[in-house]
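**Q** 3D model of this:
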Amino acid sequence: MQATLKSTVRFEGQGLHSGVQTVMSVHPAAAGFGIWFRRTDVTDRDPMIPALYDAVEHKPLCTRIVNNDGVEVQTIEHIMAALIGCGIRNALIELDNVEVPIMDGCADTFVRAIVAKGVQKQAAPVHAIEILAPVRVSDDQGAWAELSPASSLQIDFQIEFDDAAIGAQKKSLNMANGTFVRELSDSRTFCRKSDIDAMHAQGLALGGTYSNAVVVDGADVLSPGGLRHDDEAVRHKMLDALGDLALAGAPILGRYTGMRAGHALTNRLLRQLFATPSAFRIVTCSESQLAHLPGVGVDHTDLVATA
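**A** Below is the predicted model:
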């Protein structure tokens, strides 16, 4: 069955890239509604923006969606991952500014609030995207992303950084049930200290602090408390991937493989998938398939202690 929140949850915080202060509320929604964002500060244009892959317009280092009137919301990947990772298919997300609050740089705050409010099952079937044949995209830097057949959503990811605090990391997870909440939701966004000035020059990371991102410098982790996981960086990339894959508009039954992939490549992958009708089909989930979707059955026992 589809699911929504039992009641509204509210968040307030600073945007990672814009630096703006935002109040955001996530409301229950009817079966079949999907996930939409609404800009409450916009009154002269359509304030509604669908959380779908074809609404994405490229912006470095985050996922931004834009409607036909040019109204946008950015850095949606963490709240999208939290919703899908908790099994939420229908929600209205209202915010009074351009960017989703970064909170502490991961999805943990969102997940805990959703679990505390509870998930409401809805009397409507879940339709999923079953991958039938491999689809791959790549860039000129050797990064690539692929979707291939699998019976449930699996994410394989590999990264490589010169900084010894990150280095080469790889991880594979079946995202069934509470895997996202237990394994990925508390892993924070990260950057290299050497990149901060360049990001500021591009108007990025204006709200970044050592409290909402893991900052590394060579072999050193500069953020207080260090890492939550030895492989926190690759875990966060998997978190981002789940949030970006949620923009398919339905759960994916297939394997996502990312090699140094980012938001733009994952969006290109979804666009390539839907441009290749022979590579997928829409199915109504059976009971066994439902039991293996991300977030099914998540409760407070899945929450992990964070620093």
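
**Q** Correct me if wrong: residue 200 contacts residue 207.
**A** No: counting by C-beta atoms under 8 Å, residue 200 does not reach residue 207; the two are 10.9 Å apart. In this view, the C-beta of every residue, glycine as well, is placed from N, C-alpha and C.

**Q** Looking at those two, which is more packed in?
**A** residue 207 (21 against 12; other C-beta atoms under 10 Å).

**Q** For the more buried one, which non-adjacent residue is spatially closest?
**A** residue 19 (3.8 Å; C-beta to C-beta, 6 or more residues apart in numbering).

**Q** Secondary structure of that neighbour: a strand, I assume?
**A** No: according to DSSP: H, G, I helix; E, B strand; the rest coil, residue 19 belongs to no strand; its state is coil.

**Q** Where does the prediction get shaky in the chain?
**A** Applying pLDDT under 70 to the chain flags the ranges 305-307.

**Q** Give me the domain ranges for this protein.
**A** Per automatic domain parsing, the structural domains of the chain span 2-122, 127-302.

**Q** what's the distance between the residue nearest to residue 207 and residue 199?
**A** Distance check for residue 19 against residue 199: by C-beta to C-beta, to the nearest Å, it reads 12 Å.

**Q** who has more neighbours, the two?
**A** Neighbour tally, residue 19 and residue 199, criterion other C-beta under 10 Å: the higher count belongs to residue 199, 17 against 14.

**Q** Report the distance from the one helix or strand the more buried one maps to to the chain centre.
**A** Using DSSP states H and E, residue 199 sits in helix 196-201. Its chain's C-alpha centre and that of helix 196-201 lie 24 Å apart, by C-alpha atoms, centre = their mean, to the nearest Å.

**Q** Now the phi/psi pair for residue 184, please.
**A** The phi/psi pair for residue 184 (degrees, to the nearest 10) reads phi -120, psi -30.

**Q** before we move on, what about residue 137?
**A** Per-residue torsions, residue 137: phi -130, psi 160 (degrees, to the nearest 10).

**Q** Check the burial of the residue lying closest to it once chain neighbours are set aside by counting its neighbours.
**A** The spatial neighbour of residue 137 that comes closest, neighbours along the chain excluded (C-beta to C-beta, 6+ apart), is residue 268 at 4.6 Å. Neighbour count for residue 268, taken as other C-beta under 10 Å: 18.

**Q** what about residue 268, which SS state?
**A** Going by three-state DSSP: residue 268 is helix.

**Q** now the one 3 residues further on
**A** At residue 271, secondary structure determined by three-state DSSP is helix.

**Q** so who does residue 182 touch?
**A** 302, 304 (C-beta atoms under 8 Å, 6 or more residues apart in numbering).

**Q** tell me the SS of it?
**A** Under three-state DSSP, residue 182 comes out as helix.

**Q** any idea how far it is from residue 175?
**A** 11 Å.

**Q** For my notes, confirm residue 288 occurs in a helix.
**A** Yes: residue state for residue 288 (three-state DSSP) corresponds to a helix.

**Q** what about it, distance to residue 3?
**A** For residue 288 relative to residue 3 (C-beta to C-beta), the value is 18 Å.

**Q** Could you check which of the two is surrounded by more residues?
**A** Neighbour count, other C-beta under 10 Å: between residue 288 and residue 3, residue 3 has more, with 23 against 9.

**Q** Shouldn't that one be within a helix?
**A** No: secondary structure of residue 3 (three-state DSSP): strand, not part of a helix.

**Q** show me what contacts the nearest residue to residue 65 once chain neighbours are set aside?
**A** Excluding its sequence neighbours, the residue lying closest to residue 65 (C-beta to C-beta, 6+ apart) is residue 55, at 4.2 Å. By C-beta under 8 Å, 6+ apart, the contact list for residue 55 reads 49, 65, 66, 67, 247.

**Q** Residue 233: helix or strand, and which one exactly?
**A** Assessed by DSSP H and E, residue 233 sits inside helix 232-245.

**Q** Which other helices and strands does that helix contact?
**A** Under the contact definition 3 or more C-beta pairs under 8 Å, 6 or more residues apart in numbering; DSSP states H and E, helix 232-245 sits against helix 77-85, strand 154-160, strand 168-174, strand 190-192, strand 255-259, helix 263-274.

**Q** Run a quick neighbour tally on the residue nearest to residue 105 when sequence neighbours are not counted.
**A** Excluding the flanking residues, the one nearest residue 105 by C-beta to C-beta, 6+ apart is residue 188, at 3.6 Å. Neighbour count for residue 188, taken as other C-beta under 10 Å: 26.

**Q** Alright, I will stop here.
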